[in-house]
Structure formats: C-alpha cells, structure tokens
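Q: okay, here's the prediction I keep looking at, along with the sequence it came from:
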Amino acid sequence: MTEPVYWLNGRLVTGTDAGVPLNDHGLLYGDGVFEGIRFYNGRPLRLAAHLDRLESSARALMLKLPSRTELQAGVDAAITAFDQPEGYLRLVVTRGPGGLGLDPTQCEQPNLFIIADRVALAEDAKRRAGLDLITASTRRPGPTVLDPRIKSLNYLNNILARMEAYRAGADEAVLLNERGFVAEGSAENIFVVRNDRLLTPPVSDGALDGITRGIILELCREEGMEAAERSLTLYDIHTADECFLCGTGAEILPVRSVDGRRMKQSPGLLTRRLEGAFHRLVEKETRS
Ligand code: PMP
C-alpha cells in the first residue's frame with residue numbers, strides 16, 4: 001500500500017512531524033482555502049483551472065497566496081514523491097499562525113501544504129448500480145451568507161448534509177439553496193438528463209464552480225449533446241431520466257434514486273457516453 005506524501009512549505013515531511021502550529025487560523029477558524037486535484041499518468045488534470053480557482057477563493061478572503069511557481073513546484077514535488085501514476089492531491093493554504101482572536105491581519109505567514117494520497121473511490125458495485133440520494137434539510141448558504149464558490153476550509157454545511165444522508169441509509173445528499181432550488185451534492189456538482197438534454201444548476205444557485213462540471217459542459221459541446229445551466233427544482237430531479245454527480249474525486253457517479261424516486265435509467269445512456277468521453281479526455285490531456 002502506498003503511504004500518503006506530505007509536502008509542507010517547501011519540504012517533504014511525515015504526517016506526524018508536519019508541525020502546522022496549533023494556533024494556525026486554518027485550524028482554529030477554518031480560515032483558509034484548498035483544492036482537490038487528481039493526477040493521472042503522473043500529471044495533474046487541469047492544474048491551471050484549479051490554481052485559478054484557488055486564487056479566486058484566496059482573493060475573496062483577502063488571503064495571501066504563495067506564488068504560482070511555488071504552488072506548481074509543490075504539486076510536482078508531491079506527485080514525484082508519491083511515486084504512483086494516479087492519485088489525489090489536497091492542496092491547502094491556511095491563514096497561518098496568529099493570536100486567539102479572529103483578526104486575520106495578525107497572521108503574517110500562511111502555511112501551504114499538499115497531501116498526495118490514493119483517491120477513495122465509491123465502491124465499484126455502487127459505481128455500476130448508481131448512488132441513492134436524499135434531499136438534506138441542511139441548506140446551502142447563499143452568497144449573502146458565504147458564497148459557495150469560495151472553496152474554503154469551512155465544510156461544516158456539507159458535512160451536516162452528508163451526515164443526514166448516512167443516517168438515512170443513503171449514499172449522498174442533494175443540497176437545496178435557501179430558495180429551495182437544487183444547488184449541488186455535498187462534495188459534487190449535479191446533472192440531470194431530461195428528454196436527451198443535460199441540465200445543471202447555475203453556480204449562482206449555490207454550487208461550487210466545479211472543474212469537472214466545466215469539463216462535462218465542454219464535452220457536451222464536443223459530443224453534440226444539448227446542455228444548459230438552469231435552475232432546477234426537486235421535481236426536475238425526481239422525474240429525471242438520468243442523474244449523475246461529478247467532481248474531482250467522484251469523476252462521474254451515476255445516481256440510481258433520489259428520495260426514493262428511481263431514475264428512469266441508471267446508469268443512463270448519456271451518463272455512460274460522458275464517462276467514456278471523460279476518460280478519453282483524461283488520457284489525451286495527461287499522457288504525453
Ligand atoms: N461541490 C463541492 C461542494 C465540492 O467540494 C466539490 C469538490 N471539489 C465539487 C462541487 C466538485 O468540484 P470539482 O469538479 O472542481 O472537484
């Protein structure tokens with residue numbers, strides 16, 4: 001079994017001697033940003049898009065990021081040290097150590113660390129059959145509370161929704177926004193297929209601007225599939241022909257049921273076509 005690799009502020013460390021200080025505001029307040037990045041064939045997929053999003057999250061929080069060169073060097077070093085062709089990187093930038101008050105201006109030195117590890121996939125059987133989802137009573141906060149486009153270290157909202165799903169015996173949760181429109185899964189974006197048309201909520205409905213979501217919209221254009229960003233209600237999900245979740249860790253995960261309503265197909269025809277196209281894109285972009 002491959003051990004995870006830990007890269008901290010420019011050097012490889014072990015998980016136990018990593019030495020992120022206990023007064024780091026990332027730990028005390030969830031004050032920080034992160035990215036989850038997959039690598040295939042020893043190369044990160046869409047690294048530029050991930051670093052762009054990290055920069056936007058950091059700008060929104062007025063958090064000073066290390067330089068792009070430093071971030072890229074860390075990613076390369078972590079992949080090389082992990083020494084496996086495929087895996088998952090967790091790149092984290094915290095506000096850094098500071099006093100016990102909230103004041104972020106007292107934190108002078110952000111910490112950057114990267115963990116490389118194997119990706120925890122949904123079980124193969126689940127992947128084949130499709131996931132069972134419930135709608136969580138936990139709502140995605142709107143942009144007036146905390147814009148879900150900021151990929152911050154505060155994931156409590158998502159964790160509460162995931163706990164609801166597990167307690168109900170489901171695999172994952174659908175989160176609605178404050179107005180009752182569908183936002184996303186707890187760590188994935190969501191798509192439905194209705195009458196051969198792919199639909200996904202606009203990010204302004206409370207979803208992360210997912211890199212995989214972006215790739216899927218690109219693939220739809222290339223494959224001549226009709227796709228649109230549109231506000232969705234639970235009716236749109238409950239009565240869909242197909243439904244899938246997508247994300248860096250998840251890739252494309254077919255959904256079998258939502259709140260006990262079975263999709264007409266699972267995995268659906270278009271979902272499977274997109275899975276094939278996604279894997280071809282991964283090969284094209286990461287195999288040199
Ligand atoms: N929504 C949330 C809340 C997430 O945490 C993730 C995973 N990063 C996604 C969507 C999917 O985004 P991406 O495709 O960029 O991984």
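A: Sure thing, it's come through.
Q: CA only for contacts and neighbour counts going forward, please
A: Noted.
Q: now residue 152: phi and psi?
A: Listed backbone geometry of residue 152 is phi -100, psi 170, with angles given as degrees, to the nearest 10.
Q: typed the wrong thing, it's residue 158
A: According to degrees, to the nearest 10, residue 158 has phi -70, psi -40.
Q: so it versus the ligand, what's the distance?
A: 7 Å (CA to the nearest ligand atom, to the nearest Å).
Q: next, give phi and psi for the closest residue to that residue other than its chain neighbours.
A: In space, and not counting its chain neighbours, residue 158 is closest to residue 186: 4.7 Å by CA to CA, 6 or more residues apart in numbering. With angles defined as degrees, to the nearest 10, residue 186 sits at phi -70, psi -20.
Q: so what does the longest helix anywhere in the chain touch, helix or strand wise?
A: Ranked by residue count under DSSP state H, the longest helix found in the chain is helix 269-286. Here helix 269-286 touches strand 32-40, helix 211-223, strand 242-247, strand 251-258, going by 3 or more CA pairs under 8 Å, 6 or more residues apart in numbering; DSSP states H and E.
Q: ok, residue 155 to the ligand distance?
A: 8 Å.
Q: show me what contacts the residue of the chain most remote from its centre?
A: Relative to the centre of the chain, the most outlying C-alpha is that of residue 99, 30.7 Å out, by CA atoms, centre = their mean. Contacts for residue 99 (CA atoms under 8 Å, 6 or more residues apart in numbering) come out as 23, 106-107.
Q: dump those residues to TSV, plus neighbour count, distance to the ligand and pLDDT.
A: Output for those, formatted as TSV (neighbours: other CA atoms under 10 Å; distance: CA to the nearest ligand atom, whole Å; pLDDT from 0 to 100):
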residue	neighbour count	distance to the ligand	pLDDT
23	15	25	96
106	14	28	93
107	18	26	96
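Q: mind putting the residues you listed into a markdown table with secondary structure?
A: Formatted as a markdown table, the contacts of residue 99 follow (DSSP: H, G, I helix; E, B strand; the rest coil):
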| residue | secondary structure |
| --- | --- |
| 23 | coil |
| 106 | helix |
| 107 | coil |
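Q: sorry, back to before: any part of the longest helix of the chain near the ligand?
A: No. Figure legend: helix 269-286 not in contact with the ligand (CA under 6 Å from any ligand atom); closest approach 12.2 Å.
Q: make sure the residue farthest from the centre of the chain is indeed in a helix.
A: No. Secondary structure of residue 99 (three-state DSSP): coil, not part of a helix.
Q: what segments of this structure are helices?
A: So, for the chain - with DSSP H - the helices run 25-29, 47-60, 68-82, 124-129, 156-167, 211-223, 234-238, 269-286.
Q: what residues are up against the residue nearest to residue 158?
A: Residue 186 sits in contact with 158-159, 161-162, 172-175, where contact means CA under 8 Å, 6+ apart.
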